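**Q** Based on what follows, work out the 3D shape:
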Amino acid sequence: MPIISPAPVNPLADGRQSDRAMLIRRGVQRLLMDMGAAVVPELSLATGRRADLVALTARGDIWIIEIKSSVEDFRVDRKWPDYRLHSDRFFFASHPDVPEEIFPEECGFILSDGYGAEILREAPEHRLAAATRKAVTIRFARACAARLMAAELAGVPVPLLDEDG
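**A** Now for the predicted structure:
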């Protein structure tokens, strides 16, 4: 007999993010999906760092998006330069109450309101080495497959999509 929990379980939410960060994330995810990218949140990288969002574009490029929900959130974070080692393009994403000017010019910037988002500053391209691209792509694929299986086993309806999304 299975154990029944009175609390709903969502294996795709881990509870570490603030409500504001989740709002920013949702808008950015919608933008990236509209652009044809596959997106996975909270992807662990080989360095042990965890990227807020990783996107695999239709062209095969890897983007990392670091979400910052406040000026203080940005000021205390010094790990973001490490993400460039794992992506072709690196962006910060925030909401309208955080001034765009605090984010480094050498990074892209996405503004999100939770319902959608817009790229206000393109990220410069830093092409990954082939071995790094392969390693990140494998991590991306394995994380997606594991999360899909966890959702299915938890009874979360999972739509089947063709390879074009």
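
**Q** What ranges does this structure have for its helices?
**A** Remark: helices assigned in the chain by DSSP state H are 19-34, 71-76, 80-83, 130-153.

**Q** any idea of the mean pLDDT for the third one?
**A** In other words, helix 80-83. Averaging pLDDT along helix 80-83 yields 92.

**Q** Name the residues of that helix that are buried.
**A** Across helix 80-83, burial judged by 16 or more other Cβ atoms under 10 Å covers 80, 83. Where C-beta positions appear, they are placed from N, C-alpha and C, glycine not excepted.

**Q** please begin residue numbering at 8 from this point
**A** Let's use 8 as the start, then, which means that last one is helix 87-90.

**Q** Which strands and helices lie in contact with that helix?
**A** strand 69-74, strand 96-101 (3 or more Cβ pairs under 8 Å, 6 or more residues apart in numbering; DSSP states H and E).

**Q** hmm, who's touching it?
**A** 52, 54, 56, 58, 71, 73, 97, 99, 114 (Cβ atoms under 8 Å, 6 or more residues apart in numbering).

**Q** How much space separates Arg66 from Gly115?
**A** Between Arg66 and Gly115 the computed distance is 16 Å (Cβ to Cβ, to the nearest Å).

**Q** quick one: which of those two has more around it?
**A** Neighbours were counted for Arg66 and for Gly115 using other Cβ atoms under 10 Å; Gly115 has more, 20 against 8.

**Q** Could you verify my assumption that the more buried one touches Ile126?
**A** Yes: using Cβ atoms under 8 Å, Gly115 makes contact with Ile126 at a distance of 6.5 Å.
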